[in-house]
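sharing a model prediction with you, sequence too.
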Amino acid sequence: MTHQEILRKVAWKDLKSLSIKEMLIENNLTIPWFVLSMIFAYYGYYLFALPFSAFFFLTGLRQVHNGFHNSLGTNKFLTWLSLYLNSILMIVSIHAVKFNHIRHHKYCLSEEDYEGKSAGMTWYGAILYGPVHMFLIHKVTLQLGNKNYRRNVILELISIALFVAFVFYFKIAFLIYHIIVMLIGEFLMAFFAVWTVHHDTHDAPELARTQRSGWKNKITFSMFYHLEHHLFPAVPTIKLPELAKRIDEVLPEIEKKNTF
C-alpha cells in the first residue's frame, strides 16, 4: 500500500487543528521541567535536577518538532520565537535541525537524508556518531539552506555563543550544569531521535517504528509515535495517540515495529 493510499484511507485532517487548551499545552510543556531543573541545580542538587533536565530536553524536542511542521497552533513569528529561544536553551541551532528534518521527510533514509545517516549504523555506532551528527546538520544547513535558514542559523549560533560565554565568564554553576547536560543530550540525538525509530526500516522508510505501550508513551510524551508522524507529519504530537487508534482500526495489516 502506497503512502497516498494510506492518506486516503485514514481520517486525519480533523486532527491538524488544536483547541486553545491543546495549544497552551504544546507551547508551555517545557516550562515546569525547566524551572524545576534550575531550582534543584541552583541549590547544588544536580542528581535531583537531572531527571527534570531530561524531561525538559524531551519536551523541548516535542515543542520544536511541532514547530518544524507548523503544528504549534501559533502564528509565524511566535513559532519562530519558540525555535529561537529553544536554540539558546538547548544549545543547538534549532533552524539547522529543522532544515535537516524537513529533508529527512522528503528523502527519508536516502543519500540526501543527512539527519537519517545513523539509522543504518549499530546502536553503539549511532551513539559514537552523535557529535559528528550535530556538526553535520549545521554544516549542511549553511551549505544548502536558503538565505533565511542561513541567517537564522548564524543568529542562533551567535546567541548561543554569547549565552555560553556569559555563563562561563561569571561562573554561574547551575547554568554551567544546564549547558553540559544539554550538550550531552544533543550528542545522543543520532541514537535517540534517529536510530531508535528508523533502524532496520530501510526496505520501507516511510514505515518508521512506533510505540504502542501506554506507560512508555506517557513517560516519553508521545514522541515515539514515529510511524504515525511519518505518515501524517502535519498532525500535532498531542493528537498522535488518536491517530494511532485510527490507523490500527482502518489498517491493522500495517507492520508496527516497536521503538523500544
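In hand now; what should we look at?

rest of the way, CA atoms for contacts and neighbours
Noted.

please enumerate the strands of the chain.
In the chain, no segments count as strands under DSSP state E.

tell me the domain ranges of it?
Domains of the chain are assigned by automatic domain parsing as 1-16+206-260, 19-199.

what's the most buried one of the ones you listed?
Looking across the domains of the chain with neighbours counted as mean count of other CA atoms under 10 Å, the highest average goes to domain 19-199: a mean of 18.

still on that earlier bit, the domains of the chain: lowest mean pLDDT?
For these, mean pLDDT drops lowest on domain 1-16+206-260, to a mean of 92.

surely Lys9 and Val250 touch.
Yes: Lys9 lies in contact with Val250 (CA atoms under 8 Å); the separation is 7.1 Å.

where does the residue nearest in space to the middle of the chain sit relative to Leu83, distance-wise?
The chain has Leu61 as the residue nearest its centroid, 3.6 Å off, counting by CA atoms, centre = their mean. Applying CA to CA, to the nearest Å, the value for Leu61 to Leu83 is 10 Å.

gap between the residue with the largest distance to the centre of the chain and Lys256?
Relative to the C-alpha centroid of the chain, counting by CA atoms, centre = their mean, Phe170 is the outermost residue, at 30.9 Å. Applying CA to CA, the value for Phe170 to Lys256 is 50 Å.

if we can go back for a sec, what touches both of Lys9 and Val250?
Counting by CA atoms under 8 Å, 6 or more residues apart in numbering, Lys9 and Val250 have no common neighbour.

in contact with Thr210, which residues?
197, 224-228, 256-259.

ugh, wrong one, I meant Ile102
Phe68.

hmm, back to that, give me the subset of the contacts of Thr210 lying in helices.
Members of the contacts of Thr210 lying in helices (criterion: DSSP state H): 197, 226-228.
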